[in-house]
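**Q** Would you be able to build a 3D model of this:
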Amino acid sequence: MESENLVFTRYLYIEKQVKHSLLLSILNKDIQQSLFWAFELYYSYLSQEMLIIEYLLDIYKTMYEKNHPALRNLFTSYVTSWEKDDNPAHFANIVCTLCTRSYDLELFCKTYFEVEGDQQTIKSTNFIVNVPEKELNMYNQSNETILPRNVLKQNCKYKVNTTCNSVFDLKLPNEETIKNAYYYNWIYYASRLPLWEDRILKCNGVIDETHEKVVFNNDEDLEMFYQKYGYEPDEQSVELQSKFMGIPLSKEQLSLDNFCDKFHFTLKIIKNVNNITYTVK
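**A** Residues are numbered from 1 along each chain as shown. The predicted structure is shown next:
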């Protein structure tokens with residue numbers, strides 16, 4: 001079901017669109033956006049951050065390891081250090097280092113799209129980045145001094161990148177259904193990630209999967225939750241809503257050919273009949 005892809009992150013972005021935005025930001029070598037999307041996922045996965053680290057390592061394996069095999073030992077050391085001290089700087093170092101490196105989409109395209117081709121040379125700086133811990137404070141805002149209704153306004157800095165929804169085969173409900181999910185049932189869709197599940201349970205909420213809703217034991221518990229986390233997505237400006245909802249979708253919906261062209265990967269063409277291009281599979 002398409003509604004299964006409605007999973008809201010810390011600041012109520014749609015999780016899979018955040019993952020796509022992170023991937024595309026890394027490929028575009030945009031360190032600031034990459035860190036923003038990476039930490040949006042990292043802090044949404046409270047106590048399960050390793051899942052996001054594994055997502056980063058998968059990006060490395062399928063897009064960067066061919067050109068930079070030595071990074072495997074470095075990244076392994078970062079993960080080992082993170083497991084010991086839970087310091088997000090190790091996580092940030094992986095993100096930023098990837099942003100400085102050349103990629104090769106051969107394995108990625110073969111694995112996920114079953115097509116083959118050749119990667120053109122990509123210029124890179126090949127830095128090993130060590131991010132100062134003080135620069136990471138902006139990504140872990142507690143928001144305790146901000147009125148809940150202003151949290152999204154202050155923290156939703158970027159709009160999700162939806163240009164590859166089609167090529168990545170991301171199936172979402174129609175725009176009206178997405179808006180209704182935000183307006184009338186956002187707590188349930190947020191409960192699908194560990195951070196929000198923890199917040200709900202601490203306020204004595206019950207996640208009802210059968211009826212797809214969250215209920216609280218009494219009005220006091222409900223009020224306690226809203227006093228802390230009443231982000232009011234339905235009351236935000238249209239511009240702000242477009243950032244975390246991802247609608248309207250970008251008019252520039254890339255095809256697989258467009259995606260490969262954008263990132264300098266030349267698909268192997270085996271024949272062209274009636275203006276239809278067939279690629280190796």
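
**Q** Now do the helices in the stretch 101-250 of the chain.
**A** 106-112, 151-155, 175-184, 186-190, 194-202, 219-229, 238-245 (DSSP state H, counting those that start in this stretch).

**Q** Please identify the deepest-packed of those helices.
**A** Across those, averaging neighbours per residue (mean count of other CB atoms under 10 Å) puts helix 186-190 on top, at a mean of 23. Every residue, glycine included, has its C-beta placed from N, CA and C.

**Q** which residues touch that helix?
**A** Outside helix 186-190, the residues that touch it by CB atoms under 8 Å, 6 or more residues apart in numbering are 6-9, 12, 181, 196, 200, 205, 207, 212-214, 225, 231, 233.

**Q** Remind me what the host helix or strand of residue 52 packs against, helices and strands.
**A** Residue 52 belongs to helix 50-59 when elements are defined using DSSP states H and E. In terms of contacts (3 or more CB pairs under 8 Å, 6 or more residues apart in numbering; DSSP states H and E), helix 50-59 is packed against helix 15-27, helix 31-44, helix 71-85, helix 88-99.

**Q** residues in contact with the third one?
**A** Outside helix 71-85, the residues that touch it by CB under 8 Å, 6+ apart are 53, 57, 60, 64-65, 87-88, 90-91, 93-94, 97, 101, 128.

**Q** Of those residues, just the buried ones, PyMOL syntax please.
**A** A single PyMOL command selects the buried members of the contacts of helix 71-85 (16 or more other CB atoms under 10 Å):
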select buried, resi 53+57+60+64+65+88+90+91+93+94+97+101
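
**Q** For the contacts of helix 71-85, which two are the farthest from each other?
**A** With CB to CB as the measure, no two of the contacts of helix 71-85 lie farther apart than 65 and 87, at 24.2 Å.

**Q** Go ahead and produce PDB holding the CA coordinates of stretch 48-68.
**A** Extracted in PDB, the C-alpha atoms of stretch 48-68 (Å, rounded to 0.1, in the frame of the first residue of the first chain):
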ATOM      1  CA  GLN A  48      18.500   2.700  16.200                       C
ATOM      2  CA  GLU A  49      20.900   5.200  14.600                       C
ATOM      3  CA  MET A  50      23.000   2.300  13.300                       C
ATOM      4  CA  LEU A  51      20.300   1.700  10.600                       C
ATOM      5  CA  ILE A  52      21.200   5.100   9.100                       C
ATOM      6  CA  ILE A  53      24.900   4.500   9.400                       C
ATOM      7  CA  GLU A  54      24.300   1.300   7.400                       C
ATOM      8  CA  TYR A  55      22.400   3.300   4.800                       C
ATOM      9  CA  LEU A  56      25.400   5.600   4.400                       C
ATOM     10  CA  LEU A  57      27.800   2.600   4.200                       C
ATOM     11  CA  ASP A  58      25.600   1.200   1.500                       C
ATOM     12  CA  ILE A  59      25.900   4.400  -0.500                       C
ATOM     13  CA  TYR A  60      29.600   4.100  -0.100                       C
ATOM     14  CA  LYS A  61      29.700   0.500  -1.200                       C
ATOM     15  CA  THR A  62      27.600   0.900  -4.300                       C
ATOM     16  CA  MET A  63      28.800   4.300  -5.500                       C
ATOM     17  CA  TYR A  64      32.200   5.100  -4.000                       C
ATOM     18  CA  GLU A  65      34.200   2.000  -2.900                       C
ATOM     19  CA  LYS A  66      35.300   1.300  -6.500                       C
ATOM     20  CA  ASN A  67      37.200   4.600  -6.600                       C
ATOM     21  CA  HIS A  68      38.100   4.800  -3.000                       C
END
